[in-house]
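A.B. asks: the amino acid sequence is not available; the structure is as follows:
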């Protein structure tokens with residue numbers, strides 16, 4: 001499904017990066033779905049950090065409006081990055097070793113930094129085994145000085161896509177400005193990657 005979305009869909013009718021109160025967001029999943037529908041969106045993906053509890057503990061997946069997703073905190077050598085998994089089977093056993101073991105691993109920034117067990121090769125293989133797509137989140141925020149080299153390494157592990165469209169300023173730009181948005185899109189095109197987008201919403205009232 002995510003392969004069918006076009007550039008103009010993102011923000012206008014599709015948001016593939018939303019956080020709920022089951023990780024470090026402020027709003028309950030049901031409330032996010034309600035508000036997103038009221039704004040006329042056609043699909044959202046609730047992609048909490050390292051957890052699928054929003055899907056286990058609510059009925060939001062009964063609605064095809066919601067695309068199942070999770071955002072993993074990861075390291076690849078010295079590079080800290082986030083990897084989004086879309087359209088996964090939330091009950092797949094292969095994902096369980098990569099999910100948070102407690103609430104602090106979903107909500108606390110300093111705890112989430114210690115995510116060394118999620119090797120990209122194994123994690124991407126697990127995402128694929130669970131029927132999903134692996135997408136590099138907000139690439140300009142990765143702690144790398146050579147984004148293309150890093151993306152090429154992930155492509156070698158099976159990366160499917162890059163989050164190209166996201167509205168906020170580069171969060172780490174004062175320290176790590178590894179690429180412009182135009183450069184990110186060029187890299188995605190060069191390696192034939194799916195291009196996704198989302199707001200990375202964490203608030204109380206959906207945008």
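C.D. replies: Arrived safely. The model shown is predicted, which means the values in this text are computed figures rather than measured ones.
A.B. asks: can you list the helices and strands that the worst-scoring helix or strand of the chain on mean pLDDT packs against?
C.D. replies: Lowest by mean pLDDT, DSSP states H and E among the helices and strands of the chain is helix 109-112, with a mean of 86. If you count contacts as 3 or more Cβ pairs under 8 Å, 6 or more residues apart in numbering; DSSP states H and E, helix 109-112 packs onto helix 104-107. No exception for glycine: its C-beta is placed from N, CA and C like everyone else's.
A.B. asks: now do the helix it packs on: distance to the chain's middle.
C.D. replies: 16 Å (Cα atoms, centre = their mean, to the nearest Å).
A.B. asks: wait, residue 80 touches residue 74, no?
C.D. replies: Yes - with contact defined as Cβ atoms under 8 Å, residue 80 counts as touching residue 74 (7.4 Å).
A.B. asks: out of those two, which sits in the more crowded spot?
C.D. replies: Using other Cβ atoms under 10 Å as the criterion, residue 80 and residue 74 rank with residue 74 on top: 25 against 17.
A.B. asks: now the helix or strand where the more buried one lies: buried residues?
C.D. replies: Using DSSP states H and E, residue 74 maps to strand 69-76. By neighbour count with 16 or more other Cβ atoms under 10 Å, strand 69-76 contains the buried residues 69-76.
A.B. asks: closest one to residue 112 out of those residues, please.
C.D. replies: For the buried residues of strand 69-76, the closest approach to residue 112 (Cβ to Cβ) belongs to residue 73, at 4.4 Å.
A.B. asks: quick one, what contacts the closest one?
C.D. replies: By Cβ atoms under 8 Å, 6 or more residues apart in numbering, the residues touching residue 73 are 49-50, 80, 82, 112-113, 115, 118.
A.B. asks: quick check: closest non-adjacent residue to the most centrally placed residue in the chain.
C.D. replies: Taking Cα atoms, centre = their mean, the centroid of the chain lies closest to residue 84, which sits 3.0 Å from it. Closest residue in space to residue 84, ignoring its immediate chain neighbours: residue 135 at 4.3 Å, by Cβ to Cβ, 6 or more residues apart in numbering.
A.B. asks: does that neighbour really touch residue 155, like I thought?
C.D. replies: No - Residue 135 is beyond contact range of residue 155, at 11.9 Å (criterion: Cβ under 8 Å).
A.B. asks: among these two, which residue is more densely surrounded?
C.D. replies: residue 135 (29 against 18).
A.B. asks: quick check: the more buried one vs residue 107, distance?
C.D. replies: 22 Å (Cβ to Cβ, to the nearest Å).
A.B. asks: residue 194 is in contact with residue 7, correct?
C.D. replies: No - judged on Cβ under 8 Å, residue 7 makes no contact with residue 194 at a distance of 12.0 Å.
A.B. asks: so those two - more neighbours on which side?
C.D. replies: residue 194 (19 against 12).
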